[in-house]
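Colleague: below: sequence and its predicted model.
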Amino acid sequence: MLLGVNIDHVATLRNARGGLEPNLIQAALICEKAGADGITVHLREDRRHTKDNDVKELKAVLTTRLNLEMALTDEMQKIALDILPENVCLVPEKREEVTTEGGLEVASRVEFVKDFVSPLVNAGIVVSLFIDPDKTQVEAAAKTGAQFIELHTGKYSEAYGTENEQIEFDNLKNAAALANKLGLKVNAGHGLTYENVHRMHQIPELIELNIGHNIIAHAVFDGLEKAVKDMKELIQ
Ligand code: PXP
């Protein structure tokens, strides 16, 4: 299974001071060196983490793939057609949400999504729709011209270790099987952690997992001891 690393929260940390540290490009290159199969960033309408220039720079330096998560707006479509990331993942976006809360609503607006996807695919971009593991949404996604879906694993992640875990897991498994049958390729992501990711191996259709927050959180603790030791040594 492939791993796409979402580095939005490196940008969140950088933006907290308004400068260039930690450097987003350096972070992306470290992820690639460590084996990431692609780098994901979400260019949000309010630019709260990654900025337009980050996306341009990433596209220029990455040797794997740039996966641009974006909303279905004219502005974002123009940016994607200008920068030409290898992958675009279409996500719903609400200004006030902390992170992407639910999957994209495709079923009630197949024609709109199809018209949005078409120029991207024609430009050579591989397009994915971030949807809930729901039969209706999967069936609708198969009519849009998008080559991939990314199943929203948020509910599974929240239910992990509770009595609802199996229900949420089965929803993912069934949705992946249906998507595959309908000719869609299947990725998954959101809320996956070092603890709950292992069950994704039980879904044979999955090609790539997109994971961000938990990897960056892990990196903070993995690096903190050395960071303090290095500073201590310098000031002694
Ligand atoms: N996939 C999509 C479509 C997302 O919007 C996000 C969050 O930006 C992720 C995957 C990664 O989620 P997390 O940061 O919880 O690993």
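Modeller: Perfect, I can see it now. All figures in this text were calculated on a predicted structure; none of them were measured in a lab.
Colleague: how far does stretch 133-151 stretch from start to finish?
Modeller: The first residue of stretch 133-151 is 6 Å away from its last residue (Cα to Cα, to the nearest Å).
Colleague: quick one: average pLDDT of that stretch?
Modeller: If you average the pLDDT over stretch 133-151, you get 98.
Colleague: which other residues reach that stretch?
Modeller: Residues outside stretch 133-151 that contact it (Cβ atoms under 8 Å, 6 or more residues apart in numbering): 87, 89-90, 103-107, 110, 113-114, 117-118, 121, 126-132, 152, 155, 171-172, 174-176, 178-179, 182-189, 207, 210. Where you see a C-beta, it was placed from the backbone N, CA and C, and this is true even at glycine.
Colleague: what residues of it count as buried?
Modeller: Under the neighbour-count criterion of 16 or more other Cβ atoms under 10 Å, stretch 133-151 has 133-134, 137-138, 140-142, 144-151 buried.
Colleague: may I ask you to name the longest helix in the protein?
Modeller: Longest helix in the chain, counting residues (DSSP state H): helix 213-235.
Colleague: where does the residue nearest the centre of the chain fall, helix, sheet strand or coil?
Modeller: Using Cα atoms, centre = their mean, the residue of the chain that lies closest to the mean C-alpha position is N210, 4.8 Å off. At N210 the chain is in strand, as set by DSSP: H, G, I helix; E, B strand; the rest coil.
Colleague: need the residues of this structure near the ligand, please.
Modeller: Counting by Cβ under 6 Å from any ligand atom, the chain comes close to the ligand at 6, 8, 42, 69, 89, 91, 99-100, 130, 150, 189-192, 210-214.
Colleague: in this structure, which spans are strands?
Modeller: Counting by DSSP state E, the chain has these strands, from start to end: 2-6, 38-42, 66-70, 87-90, 126-131, 148-152, 185-189, 206-211.
Colleague: re the thing from before, now the angle between strand 2-6 and the longest helix of the chain, please.
Modeller: 60 degrees (axes from the mean of the first three to the mean of the last three Cα atoms, to 10 degrees).
Colleague: fine, thanks again, bye for now.
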